[in-house]
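> after the sequence you'll find the predicted model.
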Amino acid sequence: MRKLVVLKLDGDLDLGVQVTLEIGEEGKRPTTEITGKLPSNLNMATAIEQWQSTYRSLWKFTRIKAKKIIYDGSISQRRKECDTKASEVREHLNNWLLSESFRPVREKWLKHVMPEEEVRVLIRTHCLQLKKLPWHLWDLIDRDYLKAEVVLSVPESEPVTGALQTSFWRNKIRILAILGDSEGIHVEQDRQLLEKLPNAATTFLVEPQYSDIDDKLWKQPWNILFFAGHSKSEGETSCIYINKTDKLTIDELRYALRNAVANGLQLAIFNSCDGLGLARELQDLQIPQIIVMREAVPDQVAQKFLKHFLEVFSSGQSIYAAVRIARQRLKGIEKEYPGASWLPVISEHPAVVPITWLKSRWFFNTRRLESLLLLSLLVTAGVLGIRHQGGL
């Protein structure tokens, strides 16, 4: 049974953060709760901003639409600087989480969660500044709890109103894949990966018009929505570039996406840039689970993440294990692409029942299994009766 660890964070790095820790079994009410506090940390706020600025100066071609940036210095020097800034952020983060006022929270975690357990760590906060932190580098998660995965969420929630399906079986998984503006990138690689998935029926919309997307979301049920292309967040508004001339905001898809959730949409994957803003807006529409990239993502990194994620997820492992393993695989290319393993983020509804993609189509749900057992008993009883009557 997976453990669920919830950290509710109220505040920011400027003023400090009130913390509530809840621990329990997945799908059950928490059995342990404690409060604590994290002090203000202006140095970490500066460090994360400096890392972000250095990181964004590295890439000319990413899955983001932005004004051209003039770079100074060699690429190797900027890579080294990015690594240095990343190390500073990690050091600030772990020192912050060793604060005396946070010690009771840490000790409660260590007492009630075993290192060998699979753990979903839910970070619940409205603060975008806190969501930008690389929580997966917390030493408890990165060093001690190797089966833990961090998930972002919001403090308040309402029950998900969509058609619940916690596992895919018998019927093929229905995927709507939108391949948007591909200037400077190769989304065809994403298509090839999706086409190889087992037990899936994928419909592709290549550089579509708005009406094409709207019609598909209204008229057909989908389990997974996938987007590959350019995207960008500015302030409170995020957009995706669906073709070479048109962009589309999440608000423009609001009613179509709500309808899709009501008809069974459970997972949205945006293999594009600057996705924390997208995740925030999509969460408002009660999409159960969302995977995005926290920053601008080089094309090769986006492709490798999708490849590793789909391999693990479609084999039957949890979505959390799939993202964790895919992120760890990205560590192997960070010499060329610094910060690659920081990019993938899961964001989800607090009340979500995590979905699984079972390897075998012949998965039995409880009711079906009970029916088959009853049928088996009846058949066995009938055979025994025939044998008795026939004197066998």
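Perfect, I can see it now. Numbers count the residues shown, from 1 in each chain.
> and the residue most central in space within the chain, what pLDDT?
Residue closest to the average C-alpha location in the chain (C-alpha atoms, centre = their mean): Ile346, at 2.0 Å. Looking at Ile346, its pLDDT stands at 97.
> and Leu58, by the same measure?
Note on Leu58: pLDDT of 85.
> residues touching it, list them.
Ile75, Arg78, Arg79, Cys82, Pro338 (C-beta atoms under 8 Å, 6 or more residues apart in numbering). C-beta: built from backbone N, CA, C; applies to glycine.
> and Ala228, by the same measure?
Contact partners of Ala228, counting by C-beta under 8 Å, 6+ apart, are Arg63, Ala177, Ile178, Leu179, Gly180, Val187, Asp190, Arg191, Asn271, Ser272, Ala302, Leu306.
> which of those residues fall in strands?
Among the contacts of Ala228, the members found in strands (DSSP state E) are Ala177, Ile178, Leu179, Asn271.
> got the contact list for Pro39?
Contacts here follow C-beta under 8 Å, 6+ apart; on that basis Pro39 touches Gly16, Trp96, Ser99, Ser101.
> quick check, the third one in contact with Leu38.
Right, the one you point to is Ser99. Yes - contact criterion C-beta atoms under 8 Å: Ser99 and Leu38 qualify, at 5.9 Å.
> more neighbours, those two?
Leu38 (19 against 16; other C-beta atoms under 10 Å).
> Provide a list of residues in contact with the residue lying closest to Pro338 once chain neighbours are set aside.
Distance criterion C-beta to C-beta, 6 or more residues apart in numbering; nearest residue to Pro338, sequence neighbours excluded, is Cys82 at 4.1 Å. Contact analysis of Cys82 by C-beta under 8 Å, 6+ apart lists Trp51, Thr54, Tyr55, Leu58, Pro338, Gly339.
> how is the fourth one assigned, secondary-structure-wise?
Which is Leu58. Classification of Leu58 by DSSP: H, G, I helix; E, B strand; the rest coil places it in coil.
> next one: it from Lys307, what distance?
22 Å (C-beta to C-beta, to the nearest Å).
> contact partners of stretch 279-290?
With C-beta under 8 Å, 6+ apart, stretch 279-290 has contacts from 128, 152-154, 158, 160-162, 225, 238, 250-251, 254, 257-258, 261, 265-270, 278, 292, 319, 345-349, 352-355.
> could you give the mean pLDDT of it?
In this model, stretch 279-290 has a mean pLDDT of 92.
> again with stretch 183-193
92.
> check stretch 17-24 too.
Stretch 17-24 shows a mean pLDDT of 97.
> return the set of buried residues in that stretch.
Val17, Val19, Thr20, Leu21, Glu22, Ile23, Gly24 (16 or more other C-beta atoms under 10 Å).
> Gln328: which of those is nearest?
Minimum distance to Gln328 across the buried residues of stretch 17-24 is 24.6 Å, recorded for Ile23 (C-beta to C-beta).
> circling back: the residue nearest to Pro338 in helix, strand or coil?
Counting by three-state DSSP, the backbone at Cys82 sits in helix.
> distance of it from Trp51?
The value you get for Cys82 to Trp51, if C-beta to C-beta is used, is 7 Å.
> shared neighbours of those two, anything?
Residues touching both Cys82 and Trp51 by C-beta under 8 Å, 6+ apart: Gly339.
> let me know whether Glu88 touches Trp51 as I believe.
Yes - with contact defined as C-beta under 8 Å, Glu88 counts as touching Trp51 (7.4 Å).
> out of the two, which sits in the busier spot?
The neighbour comparison of Glu88 against Trp51 (other C-beta under 10 Å) goes to Trp51, with 26 against 17.
> and the pLDDT at that one?
Looking at Trp51, its pLDDT stands at 95.
> now the residue nearest to it when sequence neighbours are not counted: which helix or strand?
In space, and not counting its chain neighbours, Trp51 is closest to Lys85: 3.9 Å by C-beta to C-beta, 6+ apart. Per DSSP states H and E: Lys85 is located in helix 75-96.
> next one: that helix to chain centre, how far?
Remark: helix 75-96 is offset 24 Å from the chain centroid, using C-alpha atoms, centre = their mean, to the nearest Å.
> where does the stretch 101-250 of the chain have low pLDDT?
Residue ranges of the stretch 101-250 of the chain with pLDDT under 70: 157-170.
> what segments of it are helices?
For the stretch 101-250 of the chain, the helices defined by DSSP state H, counting those that start in this stretch cover 103-112, 128-131, 139, 188-195, 210-219.
> tell me the one of the ones in strands among the contacts of Ala228 nearest Arg327?
Closest to Arg327 out of these is Asn271 (13.7 Å), distances taken as C-beta to C-beta.
> what is the burial count for that closest one?
As a burial measure, Asn271 scores 27 neighbours (other C-beta under 10 Å).
> contact partners for it?
Going by C-beta under 8 Å, 6+ apart, Asn271 touches Arg63, Asp190, Phe226, Phe227, Ala228, Met293, Val297, Ala302, Phe305, Leu306.
> quick check: the fourth one vs Ile240, distance?
Here the distance between Phe227 and Ile240 works out to 6 Å (C-beta to C-beta).
> so what sits against both of those two?
Applying C-beta under 8 Å, 6+ apart, one finds that Phe227 and Ile240 are jointly contacted by Ile178, Gly180, Phe270, Ser272.
> in JSON lines: those residues, plus neighbour count and distance to Leu140.
Shown next, in JSON lines, are the shared contacts of Phe227 and Ile240 (neighbours: other C-beta atoms under 10 Å; distance: C-beta to C-beta, whole Å):
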{"residue": "Ile178", "neighbour count": "23", "distance to Leu140": "37"}
{"residue": "Gly180", "neighbour count": "27", "distance to Leu140": "38"}
{"residue": "Phe270", "neighbour count": "24", "distance to Leu140": "28"}
{"residue": "Ser272", "neighbour count": "28", "distance to Leu140": "31"}
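> Val312: which of the residues you listed is nearest?
Closest to Val312, out of all of those and judged by C-beta to C-beta, is Phe270, at 18.7 Å.
> thought that closest one was touching Met293?
Yes - under the criterion of C-beta under 8 Å, Phe270 makes contact with Met293 at 7.4 Å.
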